[in-house]
Every structure is written in C-alpha cells, then in structure tokens.
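1. Let me see the structure of the following:
(chains A and B)
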Amino acid sequence: MQTSATTDTMRPPYPAESGAGVYSNKLGMWVFLASDVMFFTALIGSYVILRFGMTEPWAKPGAVLNVPLTGINTFLLICSSVSMVKAYAAIADGKKYFLRKVAGQTLQDGGLKFWLLITIICGAGFVGVQVFEYIKLVGHGFTPTGYREGSVLAEHALADPVKYGAGVAGMYGSTFFTMTGFHGFHVTCGVVSMLYLYFTKVLPEKYSPQDYRGIEVIGLYWHFVDLVWIILFTIVYLI
Amino acid sequence: MSTVAPVRSEAHDTHHAPMSFWQKYIFSTDHKIIGIQFLFVSLFFLLVGGLLAMQIRWQLGFPGKPMPGGGILPESMISGGVILPEYYIQLVTMHGTFMVFFAIMPLLVGVYANFLIPLKLGAHDMAFPRINMWSFWLALLAGLIMVAGFFVPDGAPRAGWTMYAPLSARPDLSGATYSQQLWSISIVVLGLSSVMGSVNYITTIINHRAPGMSFFRMPLSVWSLFITAILAVLALPVLQGAAIMLLFDQTIGTHFFDPVAGGQALLWQHLFWFFGHPEVYILILPAMGMVSDIVANGSRKPIFGYYSMVFAMIGIAFLGWIVWGHHMFMSGMNPTLGSTFMVSTLLIAVPSAVKVFNWLGTMWRGNLHLHVPMLNAIGFVSMFTIGGLSGIFMAATPVDIPIHDTQFIVAHIHYVLFGGSLFALFAAIPFWYPKMFGRLMDERIGKIHFWLTFITYNLTFFPMHIIGMGGQMRRIYDPTIYDFLKPQQPMNEFISYSAFALFAVQFLFMFNFLWSLKKGKVAPQNPWNDNGLEWSLPNPAPHGNWAPKTPNVYRGPYEFSAPEAGDADFLPQTKKLPTDRDPVPASISGGGH
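-> Presented below is the predicted three-dimensional model:
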C-alpha cells in the first residue's frame, strides 16, 4: 500500500467485505431452504386450517394409515441423517475411503464412500417404503378424492363413521397425499443429487479436507428434509 | 496489498475462451446477457398484455359494436365482430396475468436484478451463473405455457388473474378446463424460476461485493433488489403451494378449495394474497430503488436521507407481510380482523411517505438535469404518490365497502403499476441502455414519448376513479346494461380513446428502443456522469466484467457535487483520492476453507 503524506492515517482502512462469512453455495442453500420452509408452510398451514375447519370429526390416528410401518420408515430417515453427519465428519477428517481396518478394533472404520452410500440407501429405502405404503393405501381405497366407492375402507367408514372420519374422507385424502407426496418428492430429489455426487465427486475422490462443500450443502438439504418429515409424521400420522 | 475479493467462484476462470453464438446469446450464463434476454421477452409480454387491454377498452367503451380487426379472431371469441362475454373474461384474466407475472415482474427483477447487481457491486458475475440461466429459461417456459392457454379448447383461463376459488377450481363453473390447469402449471414453473433467481441475487449481494462495498455503500437500486429478492424467496413458494393445490383440485379431484366437499374457498384468497401483497412490493420496490439512483443523478445531489431510504424499504417489506387481508375486506372475513389489517395497511403509508419526501428533498434546490430517465423518474414520483394516496383511502374499511371491486381499484392498481413501476422502467431502460448495448436511446423521441405517455396515461386512468365511485364494476362486460351506469358511458368512451392513444404512443418507445440498437448515438463511457461502479467499465460491459481484477470501492454511490470532486460534479465510487486508503481483504470459513 502506498502511504503518501496526504493519506488520512487517522482513518482505519476500510475492511473488504466478508459477506456472510460462509461460501456462496452454502449461503445459497440456506436461502433456498428458507424458501422451502415457506412452501411447506403453505401446505401444512392449509392442512391445519382445513382440518380444524371441518364440522365433522377427523379420522382417528391409525385407523386408515399404517402408523407402525411409517414409524419404522421415520426411523430409517433419521438414521440417514446420522449417516450423513458421519459422512461429513469422515471427509472433514480426510477419510476418503470406503472401509478400513483399525488396529485393536473389531469394527472397521467407515469413510466418506461408506457413509454416503448408507445415506443414499436409507433415503432410497424411505422412498421405497413410501411407494409401498401408497400402493397399499390406494388398494384399500384411500385416494386423494376420498374413500373409493366399494372399497374396504368405504365399507369400514360406513360401519364406523367416527373412527374412519367418513365425513372428511375427501379432505383427508387431499391433504395426506399432497403433503406426504411433496415430501417424498423432496427426498427423491435428495437421493438423486447424492447419487450424482457419489459418482462424479465421491468415487473419483474429488473431495478433500480442504474442500468438501458439496457434502456440506447436500447435508443441509438432507437434514431439512428429515426435519420436515418429523413434523409431517407428527401432525399427519400421530394426531 | 492484495485487493482480491473474498469469494470468487471458480466458474469465472473460463471466461476468455471464444464462444459460439449459442453459448454467447442463447445458453449464456453471463448475467448481462440473461438480463437482456429477460428484457426482450418481457417487453414482448408487455406488448401482448397491452393488446389485450386494448380489446378490453374497446368492449367497455363501445359495447355491442364490432371491434375493428376483430374478424381475425375465431368464432369462439368474437361473434360478428363483437367480443363475447366468455372471451372478455379471458381478456381480463390474461391481461392481469401477463402484466403482473410476465411483464412488470421480470422487467424489474429479471432484467435489472440480473443486469445491475453484479455490475453495481463489482462482482464478475452472479454467484450461481448456471442457476441464473435456468431461471431465465424456466421463466420463458412458464410464459409459453401461459400463452398456450389461448390455443387449447375452451380458450384462456376465465377466473380473473387472482384465480378465486371455487370458480378457478371447478371447470363446470368456469367453463375452461385445460387452460385453468395450464395457468396453475405455469405459475408453479414461474415460482421456481423466481426462487432460483432470488437465491442468486441474495447470495451475490451478501457474498460478492467488491472490497470496500459495504452494505451501506450499496446503491439504493441494489438495496431495493436485495429486499425484493428476500420477499420473492419467501412469497413465491406460498403461491406455488397454493397453485399446486389448485392444480390438484382441477386435475386429480382433491377438494382444497371446493366448499361442497368441505374445502375452503376463502383459503385460496388467504394464500393468494399472503403471496400477493408481498408481490405488490416486489413490483414496486425495485422501481423505487432505480428511481432513487436516477433522481440523485438527475439532481446532481446526494440522495436525501440514504439511511432512511433503506430503512423505509425494510419497513415496507416487513409491513407487506401483515396486510394481505385488505384485499379481502368484502370476502366475509371477520370484521375485527379487518380493522387490524386496516391499521397495518395505513402504517405502510409512513415509510412510503418517507421515500416520497426524500425524493423531493433530493430534487429540492438540485441542479436538475431533465434528461429522459430523470423526466420519467419524476413521473414515477408524482404518479406513485397519487396511487399511494388512493391506496390509503381504500385501506379504510368503511371506504372500501362501496368502492371494492369497482373501477376505482383498477385506477389505483394502474397508478402504482403503470404510473409507478412502468414509468420507473421508462426511466431505467434509457438510463442503462448504453451499458447494455453501447448506444444511447434518442433523447428527442424519448422526451416526446414521456410527455405523450404522461398525458394520455392520466387521461386514461384518472377518470376510472370517477366511474369507479359511480359504481362501475371492475370486470363488468357491458356497463350499459345497468341504468345507473348509463350516464357514465361517455366517460367510458373517453377513457377508451385515451387508452388507444396511450397504446399508440408506446410504439414511439418501441421504435426508439429497436432503432437505437443499431443507429443510436454511440455512448461515451459515462454518459450520465454517474458514480456507479458499472460506469467504470466500457460500453457495453465485457463478459466477466472486471475479471480477473476486482475494483476497489472508496465511497458511497451518491457523491454528486462533492467538494473533493474538483471540477467534475461527481465522484465515482472507484476513484481513489489521495486521502483514501485501500480496503483490507477478509476471509471466509466453513466447508474446508
């Protein structure tokens, strides 16, 4: 820096802008997640308003939906969040490998390739179980328009209108499939993105402890999707 | 001392390779080209929206008379030259949709956020150039889907641009099946495009400012685009969610908005206006920001009350979230809630007035240079004031009851959208035209265009206040069917003649814009003697902007007539005076950095 006699040395040099203090990809993902929050808020808020605006009772939890199966599915998704953290921690420590033997331990030590694969498998498993659940539900007669006429569910609803929420079947189906469907779509997008990263960046070992931004950014997204599911599971399945 | 900016994406390192036509102009990731793409596409939609408006005016001015040139339209729209009621409602719907979503919004945000943000911040490009490209192509796709609505069986959507349910949700009520679905799909795609764009703008503004460009040295245009992007990122997804529910109602038989099956029609209105009111500010804040830059430039004075301008915009943006109910006073909402919304709406007048007085304070005793951008900027200030005042007037629930859904509302929205946003665009387009194309738009045609537009615009929209007070409904097909509206028919005719003149005048602008592309006067590097960073680049700005270097910023953007400037009456942000010290670089963390 040139310092001439006229330089105002009493004034401190102006700091260059540090911005948010994080790199742009991560900041961009945070902003996108804020926007996604608003998207799910629209869906969930509408659900809450529609459900409590109903004059007739809502279906009892577990009457239509298979709560234990989805409970297991929820566990699967939470596990995938854990394995995502493990993948992140692995690459931060420079563990690019799949599995490696560690002296004195029975279990092998997992690296980025291992933990991200586990995350992908858990995520794909979640989508698979959800598809299976949808097929079963539609088979029983639960559709976005309500209980299909002549189906098992329609008969149950006739026999026990309170338990099966016969009067709200249309709204139940509309909200259930829209909310869980869009969540499933988000999970699918996450799995596809992780698969892409796995083959283009992780297997060729492009990530290093100096730069693993892709893993951190997809991890943010993944935890967000997980969090949304915990809210959805609570308000759609449990109450 | 190093002057390297803190964050530079690796994507910028490849910019000097020669590019094919397709890379350069079609699948471009250069923010300036994307801005220009947006400019051409949205000016086209502005023209389409204007053509639809002319047909509306023909029907209102001369109901039952054959429309000149109506013969080219098919029988399903026009019978014996006379506009059919079902075509009229399509016109009203699509005029609103095109103007709001595909003309004004992309003109303000798509064009100027893309074009100005990196140039005014000293960045080489947007933070995510490829996402930016996709944002443009998705917006174009959304526009084409919307246009396709005219060409499907039953014609364009018929539920008004606000798509109130259950009319929009049930084809048996609206009479249009496919185009209503296309509307929903188009809005979902457009929302995606808007979110992608806004993520880019926010990230770029936070992370890609040149050394020395602190938040409070940013020009107000960038501030306004920043706040707009935050609004868009939070508001558009709500509309997307609502449009998706509407689409499901229309296609797979859900019942979100159909009261017959337990849905809530009012829910659509709440969701739409929860998006819709922030959207109003998405449509005006960038205009305010750009006008602030131009008013300071045309007055050769620092902007009056820079900080209060910024905080007024933040205040408007915040209040914008809690006023949506004022669109629904007459919808059967709880009256107590209506009072709450009335108070919050009236509050918005405070930051808006702060801005108006600051513009006046800037011009007060300034050395006014009445170039075309400045004239249009003054037009903006005066017309926005009228539109804002009628806004406060309507915000009072007792007043809203009689004038709700009348032409008064139409007058108000046009005073803020045409008188506000569009005048700001007529200011911004010639102002940054040299930076885009290297040439100046013709000054004389520009001045004639301004005065003729200003006069015919007022002759068109001001009388709408009067016939609205007289009770003429907003989307009425034929006002003469009511005896109490018959005395107003001469006024309707007058409005129509003025509207045709207003439309005709816009061809001056179109001619000026297109002619100047090739034949305009070659612009000097800084034709307006402005301080902004963008004028330190040649015209048109090269690909990569300042790359590989980054400019240093030494002061705010409004140092006009500063004593330090010497003989010139402006002091560019990049000009280093002997007393200035260079900014020091900063570091970032995370992700392995």
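
2. Which one of the residues in chain A is closest to chain B?
-> In chain A, the residue that lies nearest chain B is A:Ala42 (2.9 Å; Cβ to the nearest Cβ). Any C-beta I mention is one placed from the backbone N, CA and C, and that applies to glycine too.

3. Next up, identify which helix or strand that residue is on.
-> helix A:24-52 (DSSP states H and E).

4. That helix: how far from the chain's middle?
-> Helix A:24-52 sits 12 Å away from the centroid of its parent chain (Cα atoms, centre = their mean, to the nearest Å).

5. And the strands in chain A?
-> A:99-100, A:109-110, A:142-143, A:146-147 (DSSP state E).

6. where does chain A dip in pLDDT?
-> Along chain A, the model assigns pLDDT under 70 to residues A:1-18.

7. who's in contact with the residue nearest to the residue of chain A closest to chain B when sequence neighbours are not counted?
-> Leaving aside its sequence neighbours, A:Ala42 sits nearest to B:Gly241 (Cβ to Cβ, 6 or more residues apart in numbering or on different chains; 2.9 Å). Contacts of B:Gly241 were listed using Cβ atoms under 8 Å, 6 or more residues apart in numbering or on different chains, and they are A:Met38, A:Phe39, A:Phe40, A:Thr41, A:Ala42, A:Leu43, A:Ser46, B:Leu271.

8. Same question for A:Val236.
-> A:Tyr47, A:Leu65, A:Thr175, A:Phe176, A:Met179, A:Thr180.

9. Now the third one. Nearest residue, chain neighbours left out?
-> Pointing back at A:Thr175 there. Counting by Cβ to Cβ, 6+ apart, A:Thr175 lies nearest to A:Tyr47, which is 4.4 Å off, once chain neighbours are set aside.

10. how deep is the one you found tucked in, by neighbour count?
-> Using other Cβ atoms under 10 Å in any protein chain shown, A:Tyr47 has 21 other residues around it.

11. Would you confirm that it contacts A:Met179?
-> Yes - at 6.2 Å, A:Tyr47 counts as touching A:Met179 under the criterion of Cβ atoms under 8 Å.

12. picking that back up, now the angle from the host helix or strand of the residue nearest to A:Ala42 to helix A:24-52?
-> Using DSSP H and E, B:Gly241 sits within helix B:220-251. Helix B:220-251 runs at 40 degrees relative to helix A:24-52, counting by axes from the mean of the first three to the mean of the last three Cα atoms, to 10 degrees.

13. re the thing from before, scan the contacts of A:Val236 and report the most crowded one.
-> A:Thr175 (25 neighbours).

14. Now for it: which residues touch it?
-> A:Ser46, A:Tyr47, A:Leu50, A:Arg51, A:Val236, B:Phe256.

15. nearest residue to the fourth one other than its sequence neighbours?
-> Just to be clear, that refers to A:Arg51. A:Trp58 (5.8 Å).

16. any idea how far B:Gly262 is from the one you found?
-> 11 Å (Cβ to Cβ, to the nearest Å).

17. So for the two, which sits in the more crowded spot?
-> For A:Trp58 and B:Gly262, the more surrounded residue by other Cβ under 10 Å is B:Gly262, and the numbers stand at 22 against 16.

18. re the thing from before, any common contacting residues for A:Trp58 and B:Gly262?
-> Joint contacts of A:Trp58 and B:Gly262 (Cβ under 8 Å, 6+ apart) are A:Val168.

19. Could you report the separation of B:Ile401 from B:Phe341?
-> From B:Ile401 across to B:Phe341, the span is 14 Å (Cβ to Cβ).

20. Who has more neighbours out of these two?
-> Ranked by neighbour count (other Cβ under 10 Å), B:Ile401 and B:Phe341 place B:Phe341 first, with 21 against 10.

21. ok, that one - contacts?
-> Counting by Cβ under 8 Å, 6+ apart, B:Phe341 touches B:Ile322, B:Val323, B:Trp324, B:Gly325, B:His326, B:Phe329.

22. Okay, and it sits in which element?
-> Assigned by DSSP H and E, B:Phe341 falls within helix B:335-363.

23. Now do that helix against helix B:220-251, angle only.
-> Using the same axes, to 10 degrees, helix B:335-363 lies at 150 degrees relative to helix B:220-251.

24. now for the first helix or strand past helix B:335-363 going along the chain, which elements pack on it?
-> With elements assigned by DSSP H and E, the helix or strand that comes after helix B:335-363 is helix B:372-395. Counting contacts by 3 or more Cβ pairs under 8 Å, 6 or more residues apart in numbering or on different chains; DSSP states H and E, helix B:372-395 is packed against helix B:285-299, helix B:335-363, helix B:397-403, helix B:407-416, helix B:423-437, helix B:443-469.

25. Ranking these by mean neighbour count, which comes first?
-> helix B:285-299 (a mean of 28; mean count of other Cβ atoms under 10 Å in any protein chain shown).

26. okay, it in CSV with CA atoms only?
-> Extracted C-alpha coordinates of helix B:285-299, given in CSV (Å, rounded to 0.1, in the frame of the first residue of the first chain):
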residue,chain,number,x,y,z
LEU,B,285,-39.5,-1.7,-4.6
PRO,B,286,-37.1,-2.2,-7.5
ALA,B,287,-38.7,0.7,-9.2
MET,B,288,-38.2,2.8,-6.1
GLY,B,289,-34.6,1.8,-5.9
MET,B,290,-33.8,2.6,-9.5
VAL,B,291,-35.7,5.9,-9.4
SER,B,292,-33.6,6.8,-6.3
ASP,B,293,-30.4,6.3,-8.3
ILE,B,294,-31.8,8.3,-11.2
VAL,B,295,-33.2,11.1,-9.2
ALA,B,296,-29.9,11.6,-7.4
ASN,B,297,-28.1,11.6,-10.7
GLY,B,298,-30.6,14.0,-12.4
SER,B,299,-30.5,16.4,-9.4
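
27. I'd like the distance from it to the chain centre, please.
-> When C-alpha coordinates are averaged (Cα atoms, centre = their mean), helix B:285-299 and its chain have centres 14 Å apart.

28. In the stretch 201-350 of chain B, what residue comes closest to chain A?
-> Closest point on the stretch 201-350 of chain B to chain A, by Cβ to the nearest Cβ, is B:Gly241, at 2.9 Å.

29. what about that residue, distance to A:Cys189?
-> Going from B:Gly241 to A:Cys189 by Cβ to Cβ gives 16 Å.

30. Over to B:Ile244?
-> Applying Cβ to Cβ, the value for B:Ile244 to A:Cys189 is 15 Å.

31. Give me the more crowded residue out of the two.
-> B:Ile244 (22 against 12).

32. in chain A, which spans are helices?
-> A:24-52, A:67-92, A:112-140, A:152-159, A:169-197, A:213-232 (DSSP state H).

33. possible to save the ones you listed as JSON lines with distance to B:Pro85?
-> Converted to JSON lines, the helices of chain A look like this (distance: least, Cβ to Cβ, whole Å):
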{"stretch": "helix A:24-52", "distance to B:Pro85": "33"}
{"stretch": "helix A:67-92", "distance to B:Pro85": "50"}
{"stretch": "helix A:112-140", "distance to B:Pro85": "41"}
{"stretch": "helix A:152-159", "distance to B:Pro85": "42"}
{"stretch": "helix A:169-197", "distance to B:Pro85": "32"}
{"stretch": "helix A:213-232", "distance to B:Pro85": "44"}
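
34. between those helices, which gets nearest to B:Gly438?
-> helix A:24-52 (30.2 Å; Cβ to Cβ).

35. Can you give me the buried ones in the closest one?
-> Buried residues in helix A:24-52, counting neighbours by 16 or more other Cβ atoms under 10 Å in any protein chain shown, are found at A:24-36, A:38-40, A:42-47, A:50-51.

36. Could you do stretch B:20-40 as well?
-> By 16+ other Cβ under 10 Å, the buried positions in stretch B:20-40 come out as B:Ser28, B:Thr29, B:Asp30, B:His31, B:Lys32, B:Ile33, B:Ile34, B:Gly35, B:Ile36, B:Gln37, B:Phe38, B:Leu39.

37. Mind checking the pLDDT average for that stretch?
-> Across stretch B:20-40, pLDDT averages out at 88.
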